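Undergrad: requesting a structural model of the entry that follows:
(one chain, ligands or ions: 2)
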Amino acid sequence: MAMECITSTQSMTQPHQNNNKESETTPLVFDASILRHQHQIPSQFIWPDEEKPSLQVSKLVIPLIDLGGFLSGDPAATMEAVRLVGEACKKHGFFLVVNHGINADLISNAHSYMDDFFELPLSQKQRAQRKTGEHCGYASSFTGRFSSKLPWKETLSFQFSAEKISPKIVKEYLSNTMGKEFEQFGSIYQDYCEAMSKLSLGIMELLGMSLGVGKECFREFFEENRSIMRLNYYPPCQKPDQTLGTGPHCDPTSLTILHQDQVGGLQVFVDNEWHSITPNFNAFVVNIGDTFMALSNGKYKSCLHRAVVNKKTTRKSLAFFLCPRNDKVVSPPRGLVDDDFSPRVYPDFTWPMLLEFTQKYYRADMNTLNAFTNWIQQKESS
Ligand SMILES: O=C(O)CCC(=O)C(=O)O
Ligand SMILES: [Fe+2]
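TA: Ligands and ions are numbered 1, 2, ... in the order given. Prediction:
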C-alpha cells in the first residue's frame, strides 16, 4: 500500500529522462486513457534492470480452504481449515478461501462499479483526489514507500469503520466529494466492506485456533476494526516487462482479503523467487500483514508481493486491509510468548505508530518490523 499521494496536474504525455532534475522533483499525474496506448513509456514508470518483473513465473501452490463447513459449525471441517491456515501462515502467509459466504452479486457489482468509476474522465475522478496523508480518495500516481518508480495503476480508497460509535464513511464519501449520483456507488462499497469485515473476523477465529489461543482472542481484538478498502485499477501497458502495477511490498496492515478478476498479475516472493497466484473468481486471496505478524509474535509470516501488468487487458483487484482500532495495543497474547522458547520479538505498538513509520521510512528491501522495532527503541532511548 503506497501512502503518499502526488497531486500536481502536470500531464504525462511526454517521456521524461531520469537525469532530468525537474522530472524527479515535479509531481506527476498518470492519465491512463493516454498512457495505455503509448509505446514509449515515461521514464518514471520504468523500473531498474534488477527490479524489472518477469511475466513468466512459476505458480505458487497455496491451500484452497473451503470455509463452508467452518461457517456452518462442522467440527471436522473446521479442524481441517485450521490446519491448512496454520500451515500456510507459517510458510508465507498466503491462502485462498472459497465458500466464504459473500454474495456473488455483491462481488460482481463491486467489480463493475470499478469500471464505471475508473473510465470517467480524469478531471472528474480528480474531484475525489486523495490528499497527502489521507486514506480516502482517488490517486492516479504515487511515489511514496515503494521506490521512486511510479506504479502503473489508479486507485480509489475508502476508510471503513466497524467501530461502535462511528459514521458510515464509505457510504457517504463519494457522494460528498463527487455528487449525489454516486450514492449507489457508496452503498455497494459500504456493503462490500461490511462483508469483508465479517469475513475477516471469521478468519481471525481460524487464526486464533491455529495458534492455540482460542477462537475469540483475535476476533475480539479486531471486532471494532478501522480498516482500509482499496480498489486497484491497472490499465494495459505497452511495456509490461519494464513497469509494475504495484511494486514489491509487504502489507503493513493486519490481514488482507483480495479479490482479483480473471486477468492475473499477483506475484508472491517465496523461497527467493517470484511466483504467480492463479486467479479464481470464486475465491478470495488472504494474506497476513506485518501487524498480525507482530501479534503472532513472529510465528506467522507477512510476505513480499507485487502486481504485474499486461499489454492487452485492464486488471482489477479489490483489497480490504484489516486494521485494529487506533487505540488497540498490538501485543501478542500470553500463550504465544515464552521467555525461554519464544521470547518477545517486537515491542508493543499501535497501528498509527506503524503507519507513521511506513509513511516516513518504508523501503521494499527492508524488513519493516525489524526497522520499526529499532525506530521505536531509538525513540524510547532519546
Ligand atoms: O492487485 C494485486 O493483486 C495486489 C495489490 C496489493 O498488493 C495491494 O494493494 O496491497
Ligand atoms: Fe499488498
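Undergrad: pretty sure L231 sits in a strand.
TA: Yes: assessed by DSSP: H, G, I helix; E, B strand; the rest coil, L231 belongs to a strand.
Undergrad: residue contacts, it?
TA: By CB atoms under 8 Å, 6 or more residues apart in numbering, the residues touching L231 are M114, F117, F118, T155, L156, S157, Y189, K316, S317, L318. C-beta: built from backbone N, CA, C; applies to glycine.
Undergrad: with K328 instead?
TA: Applying CB under 8 Å, 6+ apart, the residues near K328 are F221, T350, W351.
Undergrad: now render the residues you listed as JSON lines, adding secondary structure.
TA: Below are the contacts of K328 laid out as JSON lines (three-state DSSP):
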{"residue": "F221", "secondary structure": "helix"}
{"residue": "T350", "secondary structure": "coil"}
{"residue": "W351", "secondary structure": "helix"}
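Undergrad: identify, from the contacts of L231, the entry nearest to ligand 1.
TA: Of all those, S317 has the smallest distance to ligand 1: 3.5 Å, by CB to the nearest ligand atom.
Undergrad: SS state for that closest one?
TA: With three-state DSSP as the basis, S317 sits in strand.
Undergrad: rewinding a little: so which of the contacts of L231 belong to strands?
TA: Residues of those located in strands (DSSP state E): T155, L156, S157, K316, S317, L318.
Undergrad: keep only those residues that also lie close to ligand 1.
TA: For ligand 1, the contacts drawn from these by CB under 6 Å from any ligand atom are S317.
Undergrad: quick check: residues of the stretch 101-250 of the chain near ligand 1?
TA: Proximity of the stretch 101-250 of the chain to ligand 1, by CB under 6 Å from any ligand atom, involves residues R230, N232, T246.
Undergrad: any of those residues buried? List them.
TA: R230, N232, T246 (16 or more other CB atoms under 10 Å).
Undergrad: quick one: residues contacting the spatially most distant residue from the centre of the chain.
TA: In the chain, D340 marks the outermost C-alpha relative to the chain mean, sitting 34.9 Å out by CA atoms, centre = their mean. Going by CB under 8 Å, 6+ apart, D340 touches no other residue.
Undergrad: need the pLDDT of it.
TA: Listed pLDDT for D340 reads 95.
Undergrad: could you count how many residues lie near H259?
TA: Number of residues near H259 (other CB atoms under 10 Å) recorded here: 22.
Undergrad: and it, that one's in a strand?
TA: Yes: assigned with three-state DSSP, H259 falls within a strand.
Undergrad: so it makes contact with V286?
TA: No: the criterion here is CB atoms under 8 Å, and H259 misses it with V286 at 10.5 Å.
Undergrad: could the residues of the stretch 101-250 of the chain next to ligand 1 be laid out in a markdown table, adding pLDDT?
TA: Below are these laid out as a markdown table (pLDDT from 0 to 100):
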| residue | pLDDT |
| --- | --- |
| R230 | 97 |
| N232 | 97 |
| T246 | 94 |
